[in-house]
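1. please find the sequence and the predicted model below.
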Amino acid sequence: MLDTVFVWLLIALFAPLASAIFAGVFIRAKDKMFIGVVCSALVILSTIASLALMELVSDNRLISVSLADFISTGFLDVKFSFLIDSVSAVMMVVVGIVSSVVHVYSIYYMWDDENFAKFFSFLGLFVFSMLVLVTSDNFLGLFIGWEGVGLCSWLLIGFWYDRSNYSWCANEAFIMNRIADLGMLLGIFLIYLNFGSLRYEVVFANAASLEPEILTLIAALLFIGAMGKSAQFPFHTWLADAMAGPTPVSALIHAATMVTAGVYLVIRANAIFALAPEVSGFIVCLGAFVAVFAASMALVHNDLKKIIAYSTLSQLGYMFVAAGLGAYWIALFHLATHAFFKALLFLGAGNVMHAMKDDLNIQNMGGLYKFMRPTAILMCIGSLALCGFYPFAGFFSKDKILEAAWSADAYFIWALLFAGAAMTTFYSVRLIMLVFFGKQKFTHHPHEAKGFALIAMGVLAVPAVIAGFFEHDFAEFVLSILPGFKASIPHGVEVILIAITLAMISAVAIGTIWTYGKGKFSPNLKNCKFYKILIAQYFIPQIYERVIVRGYERLSEICAKCDGAIIDASVDLVARIAVKSGEGADRVSNSGDLSANLRWMVLGSFILLILAFAL
């Protein structure tokens, strides 16, 4: 049995790496279909292995496999070791299914790109890094995968680096994540200093014995890293700008996998966060704020991909609320369901983008339903799941989060999430109406995506519709690892809350359809101050530009002047003195007396050491 587990784990982990290497080796090959099919087959094989591992841990088993020593010293012993339990198995399967679909879809989407093979190489490397992140049994392995997906995100956002501003967007994402990752790294250092180990098993078993203040600090530092990776305020601006990358990247990295790594970290380290109520309370408040904050910006935005990106931010806020309330299994459930329907929406946006010749302004669309009926149906499925209509997957997972907030007597948090659900319905229906229905605003003839790309999207549509019906099976599966949480709401109240939510969603949807169908929105709304605030993203990017970016530029200019006035001037002074010494100095330095030269060198080194220690 151990040999079987070992083989499945090796396939699950290293098949995507083999895909990356294969595409890299054949980066100049002209047979794009061969490269795309082989890379997709390897990732699908990894997904099959992940499903096999999920089956093996379904009877509450834990699979621990050590491949080799990583760091082995007198004070630190870390191995290349991996832990497969119900939580990591769920993450592996979610990553595998979405990445398999994205690989197949990318054959269509990237077909005309001259760097086709390079794109697949980056995708494979990302999947490998993400799997390392979710399967490592220690914080160091998690951090390696964490930085790996950050690197791949930078590579893929800036994939078209020769296009205007794309490299800037990639750098913004990379730098913001590195700032947040410093907090996470300090948290990992603190874990080692206090526990003497980085293995989850040791850390979580002894977490309760640590001083509350230190434990709170560790939780806070780890959550800073989670905030950056999951683009929570104030690190949120990078995610919308990351839409500069190819659309399959948005579907894989910035909707379904990498951005959920922060949520996964909180779920995985629940033993720490459960003992730090102050940090957990902050997570709840921040999550609720972001759920409404991001949804409000999506209300008025006209960029197709950025609307879906703001939606991702909002839904990540819902997940953090659940995790902060201690409903870790509910957070993981919404993470899984959201991955399917949000990736579906992004791939649908890719179809629309191709059909509209890369125009992403939804105000320039309309009437695409008659040209792209399959894409329209698939995006409607994704939108209905996102809104939370019954019986789509989003209804079950999002409703559980609302129930968790009500059960915890966090009525204000519940109200914010309820408002967020109303906003989600409005901007989702608005997007569908402006893109696929209403008056046609273009003159060319749009084309539908290839059949195999639509079939791949259909794979995501299935769980987007039915995944919610497996709620109880999912809970039973992951509660073998995660703490139990059951909403303590009387059945009658629970029914009323669900009915109110569904009634509100239906009313907003019908009102939005009628308003946009009849063209009732006045153009004068764009002159409203609140509209201007929302379209400007609350002026936060401008504040960052003026305060942080320009402030850093001024500091750099001051440092450059100091460098010229002190460091450069000192070097120039030494040179002038040497020149003035004339032939005497020249005779000393060029006398051919090695002993004299050595004495001068030792004297100079001694003076430099004195200056170094003195300063």
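-> That came in fine, so what should we check first?
2. now the helix or strand where Val465 lies: how far from the chain's centre is it?
-> Assigned by DSSP states H and E, Val465 belongs to helix 451-466. Mean-position distance between helix 451-466 and its chain equals 22 Å (Cα atoms, centre = their mean, to the nearest Å).
3. my read: Ile27 touches Ala117, true?
-> Yes. Taking Cβ atoms under 8 Å as the definition, Ile27 is a contact partner of Ala117 at 4.5 Å. No exception for glycine: its C-beta is placed from N, CA and C like everyone else's.
4. those two - which one has more neighbours?
-> Ala117 (25 against 14; other Cβ atoms under 10 Å).
5. which other residues reach the helix holding Val465?
-> Helix 451-466 is contacted from outside by 97-98, 100-101, 104-105, 107-109, 337, 340-341, 343-344, 347-348, 351, 374-375, 378, 381-382, 385, 391-394, 448, using Cβ atoms under 8 Å, 6 or more residues apart in numbering.
6. now swap in stretch 347-364 and tell me
-> Contacts of stretch 347-364 (Cβ under 8 Å, 6+ apart): 101-102, 105, 109, 247-248, 250-251, 302-308, 365, 368, 371-372, 375, 378-379, 382, 431, 434-435, 441-442, 444, 446-449, 453, 456-457, 460.
7. what do you get if the cut-off is 7 Å, keeping everything else the same?
-> 105, 109, 247-248, 251, 302-305, 308, 365, 368, 371-372, 375, 378-379, 382, 431, 434-435, 441-442, 446-447, 449, 457 (Cβ atoms under 7 Å, 6 or more residues apart in numbering).
8. what about Ala294, how many neighbours?
-> Ala294: 28 neighbours (other Cβ under 10 Å).
9. over to Met54?
-> With other Cβ under 10 Å as criterion, Met54 counts 18.
10. how close does it sit to Ile84?
-> 8 Å (Cβ to Cβ, to the nearest Å).
11. and what of Pro246?
-> Here Pro246 is placed at a distance of 31 Å from Ile84 (Cβ to Cβ).
12. of the two, which one has the most company?
-> Higher neighbour count among Pro246 and Ile84: Ile84, with 25 against 22, using other Cβ under 10 Å.
13. OK, contacts around that one?
-> Here Ile84 is in contact with Leu9, Leu53, Val57, Ile63, Thr135 (Cβ under 7 Å, 6+ apart).
14. try 8 Å this time
-> Val5, Leu9, Leu53, Leu56, Val57, Leu62, Ile63, Ser64, Val65, Met92, Thr135.
15. in CSV, list the residues you listed along with secondary structure and neighbour count.
-> Converted to CSV, the contacts of Ile84 look like this (DSSP: H, G, I helix; E, B strand; the rest coil; neighbours: other Cβ atoms under 10 Å):
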residue, secondary structure, neighbour count
Val5, helix, 18
Leu9, helix, 23
Leu53, helix, 23
Leu56, helix, 17
Val57, coil, 21
Leu62, coil, 14
Ile63, strand, 20
Ser64, strand, 13
Val65, strand, 19
Met92, helix, 25
Thr135, helix, 26
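16. quick one on the thing from earlier: now do the shared contacts for Met54 and Ile84.
-> Common neighbours of Met54 and Ile84 (Cβ under 8 Å, 6+ apart) are Met92.
17. in helices only, show me the contacts of stretch 347-364.
-> 105, 109, 247-248, 251, 304-305, 308, 375, 378-379, 382, 431, 434-435, 457 (DSSP state H).
18. need the buried ones from the residues you listed selected in ChimeraX.
-> Entered in ChimeraX, the line below selects the buried ones among these, by 16 or more other Cβ atoms under 10 Å:
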select :105,109,247,248,251,304,305,308,375,378,379,382,431,434,435,457
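19. which of the ones in helices among the contacts of stretch 347-364 lies closest to Phe474?
-> Distance to Phe474 across the ones in helices among the contacts of stretch 347-364 (Cβ to Cβ) is lowest for Gly382, with 20.1 Å.
20. that older thread, what's downstream of the helix holding Val465, the next helix or strand?
-> Following helix 451-466 in sequence, per DSSP H and E, is helix 471-478.
21. the helix or strand that that following helix is followed by - contacts with which helices or strands?
-> Scanning forward in sequence from helix 471-478 by DSSP H and E, the next helix or strand is helix 491-518. Using 3 or more Cβ pairs under 8 Å, 6 or more residues apart in numbering; DSSP states H and E, the elements in contact with helix 491-518 are helix 393-407, helix 411-436.
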